[in-house]
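Enquirer: Got a predicted model here, sequence first, then my questions.
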Amino acid sequence: MRLSEQPLERPLREVLAQPPGEGLRLFWLGQAGFVIDGAGRRVVIDPYLSNSLAEKYRGKKFPHTRLMPAPVAADKVAHVDLVIATHAHSDHLDPGTLPALMGANPLARLIAPASASEVAVERARIVPERLIAIDAGETISHRGIKITATRAAHETIETDEAGRHRFLGMAIGIAGRVVYHSGDTVPFEDQTAEVASLNADLALFPVNGRDDLRAGNGVPGNMTLDEAISLARAAGIGTVIAHHFDMFEFNTLPRDTVERAAAASQNPQLLAAQINLSYVPAPETIERTS
């Protein structure tokens, strides 16, 4: 599947106030966050729409000041069926975003790693019954949306005392497509076979890379652009939206670097995430029935 980039017909807050349509459509929220619409359902994954990390790290070496404003307020994202967090880092399981988002969508459920169940309930300020805990290798279905969790290595594969993975990827089956959000990860042994088994149409990969400076200050890294392209190619995924940049000065990749790589990549199709666009299947990949 290849994607077409479409300018938003109106501000994102107005688009996301309306019910989702039938066709697959994605919107970037910044960092690793996306809204995924399809089949009349809406999934929000890893939303960071607050400034909670700037408050948490004020005066520290890496102040976590946002480079881009939140494209929409958390309580203005409506008609949500599922909210997903791939791991417990606050830019993915944000105490500044989740209470407003879950409060505005009282029928939505939160999916989070089983290893982070308690912190997920606490940060989202929800009753435990609204949480769906998941671990790598497990699949759940909710309102016609199928979620399969995979392992992720940020920068290492870690488990808790019960053997439950701390970092996950999520394959989201919606509108007849499989969208794979890898979570924060670097390459690891047997990753290609695990990802290939998902038969994903589209991958959402973090590309901000890693280095000794960040690692030495407790900031785990992610794939490089080249690693993301190689994984998609090896796993048979035709399209990648690159993300996890433009948010924090100490932990980003220059946008023009991502855009140059995107312009040069044909297999897979590589797109640099933008907040003023939506992403839909390109016309030649739309399957028609009579």
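Expert: Okay, I see it. Note that the coordinates shown come from a computational prediction; the quantities given were computed from them, not determined experimentally.

Enquirer: going forward, measure contacts and count neighbours with C-alpha atoms only.
Expert: Noted.

Enquirer: now Ile126: how far from Ala104?
Expert: Ile126 is 12 Å from Ala104, where distance means Cα to Cα, to the nearest Å.

Enquirer: And Pro206, by the same measure?
Expert: Distance of Pro206 to Ala104, computed by Cα to Cα: 28 Å.

Enquirer: neighbour count winner among these two?
Expert: Summary of the neighbour comparison: Pro206 and Ala104, criterion other Cα atoms under 10 Å, with Pro206 having more neighbours (26 against 17).

Enquirer: Helices of the stretch 1-150 of the chain, start to end?
Expert: Assignment of helices within the stretch 1-150 of the chain using DSSP state H, counting those that start in this stretch yields the ranges 12-15, 52-56, 98-104, 117-124.

Enquirer: Mind checking these for the one nearest to Ala264?
Expert: With Cα to Cα as the criterion, Ala264 lies closest to helix 12-15 of the helices of the stretch 1-150 of the chain, at 28.9 Å.

Enquirer: List the buried residues in that closest one.
Expert: 12-13, 15 (16 or more other Cα atoms under 10 Å).

Enquirer: Also stretch 8-28?
Expert: When neighbours are counted by 16+ other Cα under 10 Å, the buried residues of stretch 8-28 are found to be 12-13, 15-16, 20, 23-28.

Enquirer: what do you get for stretch 227-235?
Expert: Taking 16+ other Cα under 10 Å as the neighbour-count basis, stretch 227-235 is seen to contain the buried residues 227-233, 235.

Enquirer: could the residues you listed go into JSON lines alongside pLDDT and distance to Ala133?
Expert: Compiled in JSON lines, the buried residues of stretch 227-235 are given as follows (pLDDT from 0 to 100; distance: Cα to Cα, whole Å):
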{"residue": "Glu227", "pLDDT": "97", "distance to Ala133": "29"}
{"residue": "Ala228", "pLDDT": "97", "distance to Ala133": "27"}
{"residue": "Ile229", "pLDDT": "97", "distance to Ala133": "30"}
{"residue": "Ser230", "pLDDT": "97", "distance to Ala133": "31"}
{"residue": "Leu231", "pLDDT": "98", "distance to Ala133": "27"}
{"residue": "Ala232", "pLDDT": "98", "distance to Ala133": "27"}
{"residue": "Arg233", "pLDDT": "97", "distance to Ala133": "31"}
{"residue": "Ala235", "pLDDT": "97", "distance to Ala133": "27"}
